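*Asks:* Build the 3D model from these lines:
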Amino acid sequence: MPGGRLTQQDRQQIALGVADGLAYAEIARRIDRPTSTVTREVMRNGGPTAYRAELAHRATERRAHRRRQPAPREAEGAPQPHGRDAGAVREYEELFTTVLMGSGMPKMMARVMACLTLTDSGSLTAAELARHLQVSPASISKAIAFLESQGLARRERDERRRERYVVDDDVWYQSMMASARAIAHLVDIARQGVGVLGPRTPAANRLENIARFADYVAESTVRAAEQGREILHSKPPAP
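*Replies:* Numbering: from 1, shown residues only. Here you go, the predicted structure:
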């Protein structure tokens, strides 16, 4: 597959593929690029509903210009453990971030979540996060508050009494349960609307169907999370 940056013609083909509802893998085959390149390109430039080739091209040019500016030494990254390739890790962290953003997570929260998830320890201090992401401590604090509210991260004190932010083996289970509670709240609100709008009216029927659907999704989410929880605590099978 060819290397180098995406061209404007590549982006036009991606935009056409997205508009036609093609899978990212199919679009990637058409322009002879990795699927991950297409996924990252779309997700960092508005997602499938807002991707525009010209806007994406201009945004990429602006990012490239910023990267040409001298970077602080901290931004160059520390040596990677386990013989990992530092460039590949940075590339994957960016991809993981864009996928989290595509699921609805705000950008800074997604960056912090990706950073925590990709550490072997699963925990970092505010100073470590700020240094790695090159942002202010206030930005880290705001992001952590959001992640805590979603059940995606928690705080703890280490032996030096420093506050550390943690993602552990159970965090995705807790997140799914928080999502199920939010959906269950939608069920309650939709059924309140049925009473307000009058049973068997068209609007009330619509709300009742929404409530029934959401109730099914919430129950299925809880059931699947409970059944699959042990996977989060198990060792992956040998490759």
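*Asks:* Could you use CA atoms for every contact and neighbour count after this?
*Replies:* OK.
*Asks:* Check the offset of stretch 14-21 from the chain's centre.
*Replies:* 22 Å (Cα atoms, centre = their mean, to the nearest Å).
*Asks:* same deal with stretch 47-60?
*Replies:* With Cα atoms, centre = their mean, you get 18 Å for stretch 47-60.
*Asks:* quick one: contacts of it?
*Replies:* Residues outside stretch 47-60 that contact it (Cα atoms under 8 Å, 6 or more residues apart in numbering): 7-8, 11-12, 14-15, 18-19, 41-42, 45-46, 102.
*Asks:* Kindly recompute the last result at 7 Å.
*Replies:* Applying Cα atoms under 7 Å, 6 or more residues apart in numbering, the external contacts of stretch 47-60 come out as 8, 11, 12, 15, 18, 42, 45, 102.
*Asks:* Any chance of JSON lines for the residues you listed, columns distance to residue 84 and pLDDT?
*Replies:* Putting the contacts of stretch 47-60 into JSON lines (distance: Cα to Cα, whole Å; pLDDT from 0 to 100) gives the following:
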{"residue": "8", "distance to residue 84": "32", "pLDDT": "87"}
{"residue": "11", "distance to residue 84": "31", "pLDDT": "91"}
{"residue": "12", "distance to residue 84": "34", "pLDDT": "90"}
{"residue": "15", "distance to residue 84": "34", "pLDDT": "90"}
{"residue": "18", "distance to residue 84": "33", "pLDDT": "89"}
{"residue": "42", "distance to residue 84": "27", "pLDDT": "87"}
{"residue": "45", "distance to residue 84": "28", "pLDDT": "83"}
{"residue": "102", "distance to residue 84": "27", "pLDDT": "78"}
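*Asks:* Looking at neighbours, which among those residues is most surrounded?
*Replies:* Compared across those, residue 42 has the highest neighbour count, 26 neighbours, by other Cα atoms under 10 Å.
*Asks:* so where does that residue fall, helix or strand?
*Replies:* Residue 42 belongs to helix 35-43 when elements are defined using DSSP states H and E.
*Asks:* What of residue 51?
*Replies:* Counting by DSSP H and E, residue 51 is found in no helix or strand.
*Asks:* quick one: low-confidence parts of this structure?
*Replies:* 1-4, 63-79, 238-239 (pLDDT under 70).
*Asks:* can you give me the strands for it?
*Replies:* 123-125, 154-157, 163-166 (DSSP state E).
*Asks:* so how far is the shortest one off the chain centroid?
*Replies:* Using Cα atoms, centre = their mean, we find the averaged C-alpha position of strand 123-125 to lie 19 Å away from the chain's own average C-alpha position.
*Asks:* Show me what that strand is packed up against.
*Replies:* The elements that strand 123-125 packs onto, with contact taken as 3 or more Cα pairs under 7 Å, 6 or more residues apart in numbering; DSSP states H and E, are strand 163-166.
*Asks:* elements contacting the strand it packs on?
*Replies:* For strand 163-166, the elements it packs on are strand 123-125, strand 154-157, judged by 3+ Cα pairs under 7 Å, 6+ apart.
*Asks:* Out of the ones you listed, which one sits most buried?
*Replies:* Most buried of the helices and strands packed on strand 163-166, by mean neighbour count (mean count of other Cα atoms under 10 Å): strand 123-125, with a mean of 21.
*Asks:* Now distance to residue 181 too, for the strands of the chain, in JSON lines please.
*Replies:* JSON lines is the format used below for those (distance: least, Cα to Cα, whole Å):
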{"stretch": "strand 123-125", "distance to residue 181": "26"}
{"stretch": "strand 154-157", "distance to residue 181": "19"}
{"stretch": "strand 163-166", "distance to residue 181": "22"}
